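*Asks:* Could you look at this predicted model? Sequence included:
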Amino acid sequence: MKLENKIFELKNFASEMAKLKSEKHFDFLVTIVGEDFGEEGLGCIYILENTKTNERISIKAVDSNRENAYIPTVSNLWKGAEILEREVYDLFGIKFLGNKDMRRLYLRSDFNGYPFRKDYDLSPENNKYTLEDDVEPDYTIEYTMDEEGHIQQIEHKLFTDDDYVINIGPQHPATHGVLRLQTILDGEVIRKIYPHCGYIHRGIEKMCEDYTYPQTLALTDRMDYLSAMMNRHALCSVIEDAMGVELSDRIHYIRTIMDELQRIDSHLLFYSCCAQDLGALTAFIFGMRDREEVLNVMEETTGGRLIQNYYRIGGCQADIDTNFVKDVKKFCEYLKPKFKEYNDIFTGNVILHNRFQGVGILSKENAISYGCTGGTGRAAGWNNDVRKNHPYDMYDKVDFQEITYNNGDCFDRYMVRMKEMEQSIHIIEQLIDNIPEGDFYIKQKPIIRVPEGQWYTSVEGSRGEIGVYLDSKGDKTPYRLKFRPMGLPLVSAMDEILRGEKIADLISVGATLDYVIPDIDR
Amino acid sequence: MFDFSIVTTWFDSLLRNTLGFGDFLSILIECVIVGVLILTVYALLAIALIFMERKVCAYFQCRLGPMRVGPWGIFQVFADVVKMLIKEIFFVDKADKLLYIVAPFLVIIGSVGAFSFMTWNKGASILDFNVGIFLLTAISSLGVIGIFLAGWGSNNKYSVISAMRGAVQMISYEMSLCLCLITAVELTGTMQLSGIVESQADGWLIFKGHIPAIIAFLVFLVAGNAEANRGPFDLAEAESELTAGYHTEYSGMGFGFFYLAEYLNMFIIAGIASTVFLGGWMPLHISGLDGFNAVMDYIPGIVWFLGKAFLIVWILLWIKWTFPRLRIDQILNLEWKYLMPLSLLNLVLMTIIVAFGWHF
């Protein structure tokens, strides 16, 4: 959608935002986009959603003082804002007044400058790789403004002296990548978790600013590699949306089927990893065995198994393989009886029920407040499926059920994904026989220029909403490109979910939240 | 049925009478030979068990397992053992050196000690005291100390948590393990392992003691599984939570000892279960059917023993590769709230049955 930004003055920003939340029921903060507006100053664009009507608005707040930019925090309104504001602070240097945790999120704490600003010096001489140890601060800084407009700095300690602090990660089998959870333990009981991100931060958004639009597509599958199709789908959609490209029905069909195949792939891996984290290795192998089949089907057409580069601006790279329809149907028939097998070996097991039921509860209010979309939110009873709320491609024309549960515990999060696989099969079966004839690619100009403006488009990824924010100045490269990470809200909610639970529950919660680290770090 | 004591008596008299060695020398030679035998069999069994585990779990999981080294991969484990032997042993800088070095030896001593109690055949048992069961449980619990010291000594936070878990779990499960053995002792009237086997000549204990014996057998399998630190009770190792738990910081043969002990503990649990409940080397006898019994006697005792033991090992593997892992509080709940009271009640039940002579 094209963004029509409401601009709030910084003076009454906090009260206006509070009003939006309490009076107009904009209770879901989709994302905060930090942006360097050049002459105008540094600022943020807040995208909000009303979870009742699914209406979306965007708010813009700019501070013209580039040296010391301050914006009042919204972390008191939306819990998920705390970590999103940290990200903006890390990359743009905007300090959020009242945010309790103004540490860097992705970059090292001894990093100089704010690399996403347009005036940041990117020359290699000034960006040498340091071999020094990164000494992390053991306190957070909170900035506040007193009545006369002076900025005050308050330090909050992270640990007390006799805390038993243990690092789960960055190299740990259960974090599924390089995430570090600094955990304070009391025996086996978790007292607090501080997530540390950025071990695989590549600055994809900044890289995209130097790339032409077709080039930016190449980076999408390096984020959430298990939603590679959907990442690219979101990026293609936002560019097509901005340029007003009309796609043929065939493209819509193919994209829907591919997205669902990718979702099955991701959920099968989710199932496998859940089993592996809980020590049920046979169930793990069963899941991986069946994932091979879906990868084979996708490989035929796209040429990729993990790294999918299939969509492009205006359609797809190539037409579907001649065997695609036949093999997809065969795959659907293959997978359906397997769900019973998964149930027999893993879902139905009493140990699994003990490990999952009532463990790691995330309430609906918290899920919305943190912005935990996808299966995590739906397990808590929040209808947040982008496919239903903001339909794209064929999703408003096919029949499928949005799976929701009410408890928000590990078991519900697990069951949402298991049931979603069946729904994906159901969607694919409705489409696969009716793929219409037509173009698989709408020819675009060799050099793509997007008209001036700001757009935000989202699709339903495997583990939440993938959104892409595009700010174009009419050039052949984007002025600012921002991906909404699915995993960042999940990781920020971990502390809330896990406080008071056992260390073994950290594993089950981590497994069922199903985050992918390159998606968090980008 | 072949009595292995013929061989041992012959060898003893060979040393003493034919060669004319004195008491001291002949006992020394016998002890050395027996020691070498124990260690060889221990190592060979470990290799067999590791290979079995890899193959069995592979077939559970629709895989092939090791296939490259030798036909059907049979030399894979030998290659692994050689690799482990020639690996460098390095020490953790800030570890408690003494405890760190002693720990693997304690584990292996507990394991070899318990292993020496196995009765392989008629007349073929190495340690056979009149308080055998008692001594067996005493020696096998040395392993807990080893695990606890390893975790504590390696100065690693994961290892400490794992050591606490391991210790609390193994000490707890020893309770029901011993109670189950006592149930069996009650019925057979002896603590001597060879005596327990002999008393099952007219039927295995699991048949003779019917209900309480079956309960004791099942509880023994669960508790033994926990005692051997095997899945779904492998909390101390819990590779997805604590990387490798107490042996995270060990390399080379230090790790090898833990690894060996883990597999042999599984075999020891299976061996004790088969000795006490399934008659050890005693063939399947049905009282009254003399012809059938005579045929069964033709099968050597060691085949019976190993057959039963490996059957139980296979069941343990099956359980491990099927179930997910429990959580520490659930494990302790299971023991203190269910298994221990159940085995106590079972003990009372067995007492009543023995007192009134209601067993077969």
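*Replies:* Yes, it's here. Numbering: from 1, shown residues only, chains lettered A, B, ... in the order given.

*Asks:* Could you check how far A:G348 is from A:V359?
*Replies:* 17 Å (Cβ to Cβ, to the nearest Å). Every residue, glycine included, has its C-beta placed from N, CA and C.

*Asks:* Please list the residues of chain A that sit near chain B.
*Replies:* A:164, A:166, A:172-174, A:185, A:187-188, A:275-283, A:285-286, A:289, A:345-346, A:349, A:351-352, A:354-355, A:502-507 (Cβ under 8 Å from any Cβ of the partner chain).

*Asks:* Can you tell me how far B:V144 is from B:L218?
*Replies:* 23 Å.

*Asks:* Then A:F26?
*Replies:* Counting by Cβ to Cβ - A:F26 and B:L218 are separated by 59 Å.

*Asks:* who has more neighbours, the two?
*Replies:* A:F26 (26 against 16; other Cβ atoms under 10 Å in any protein chain shown).

*Asks:* from what I can see that one touches A:T53, true?
*Replies:* No. A:F26 is not in contact with A:T53 according to Cβ atoms under 8 Å; the separation is 9.9 Å.

*Asks:* mind checking pLDDT for B:S240?
*Replies:* Per-residue confidence (pLDDT) for B:S240: 69.

*Asks:* ok, what's across the strand from the nearest residue to A:I168 once chain neighbours are set aside?
*Replies:* Nearest in space to A:I168, with sequence neighbours left out and distances taken as Cβ to Cβ, 6 or more residues apart in numbering or on different chains, is A:L181 at 4.3 Å. Beta-bridge partners for A:L181, by DSSP bridges, are A:I168, A:P195.

*Asks:* Can you list phi and psi of the residue of chain A positioned farthest from its centre for me?
*Replies:* Going by Cα atoms, centre = their mean, the residue of chain A most distant from its centre is A:E148, 39.4 Å out. Phi and psi for A:E148, reported as degrees, to the nearest 10, are phi -80, psi 0.

*Asks:* ok, which stretches of the stretch 51-200 of chain A are helices?
*Replies:* Applying DSSP state H, counting those that start in this stretch to the stretch 51-200 of chain A gives helices spanning A:81-92.

*Asks:* got the contact list for stretch A:109-122?
*Replies:* Residues from elsewhere that reach stretch A:109-122 (Cβ atoms under 8 Å, 6 or more residues apart in numbering or on different chains): A:34, A:36, A:38, A:42, A:66, A:90-93, A:103-104, A:107, A:127, A:130, A:132, A:134-137, A:203, A:205-206.

*Asks:* Report the buried members of the residues you listed.
*Replies:* A:34, A:36, A:42, A:66, A:90-93, A:103-104, A:107, A:205-206 (16 or more other Cβ atoms under 10 Å in any protein chain shown).

*Asks:* ok, so of those, who is nearest chain B?
*Replies:* Closest approach to chain B among the buried ones among the contacts of stretch A:109-122 (Cβ to the nearest Cβ): A:R103, at 23.0 Å.

*Asks:* what stretches of the stretch 251-360 of chain B score poorly on pLDDT?
*Replies:* Applying pLDDT under 70 to the stretch 251-360 of chain B flags no residue at all.

*Asks:* Quick check: buried residues in stretch B:249-265?
*Replies:* Buried, per 16+ other Cβ under 10 Å, within stretch B:249-265: B:249-250, B:253-265.

*Asks:* what's around residue 117, how many residues?
*Replies:* Since no chain was named, I'll use chain A. Neighbours around A:R117, by other Cβ under 10 Å: 19.

*Asks:* ah, no, chain B please
*Replies:* Going by other Cβ under 10 Å, the residues that sit close to B:F117 add up to 23.

*Asks:* how far away is it from B:V276?
*Replies:* 11 Å.

*Asks:* Might you report the residue contacts of A:A504?
*Replies:* A:A504 touches A:188, A:355, B:235, B:238, B:241, B:325, B:327-328, counting by Cβ under 8 Å, 6+ apart.

*Asks:* Closest to B:F75 out of those?
*Replies:* Within these, the smallest distance to B:F75 is 30.8 Å, found for B:A238 (Cβ to Cβ).

*Asks:* Was I right to think the closest one contacts B:S162?
*Replies:* Yes. Using Cβ under 8 Å, B:A238 is in contact with B:S162, at 7.3 Å.

*Asks:* intersection of neighbour lists for these two?
*Replies:* B:G245.

*Asks:* pLDDT weak spots in the stretch 1-150 of chain A?
*Replies:* For the stretch 1-150 of chain A, no range has pLDDT under 70.

*Asks:* what about 90?
*Replies:* Residue ranges of the stretch 1-150 of chain A with pLDDT under 90: A:1-31, A:34-44, A:47-83, A:85-87, A:90-150.

*Asks:* What are the boundaries of the strands in it?
*Replies:* A:5-7, A:28-36, A:42-49, A:56-63, A:70-72, A:95-97, A:139-145 (DSSP state E, counting those that start in this stretch).

*Asks:* could I get the ones you listed as TSV with distance to A:I427?
*Replies:* Output for the strands of the stretch 1-150 of chain A, formatted as TSV (distance: least, Cβ to Cβ, whole Å):
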stretch	distance to A:I427
strand A:5-7	35
strand A:28-36	24
strand A:42-49	24
strand A:56-63	24
strand A:70-72	42
strand A:95-97	41
strand A:139-145	45
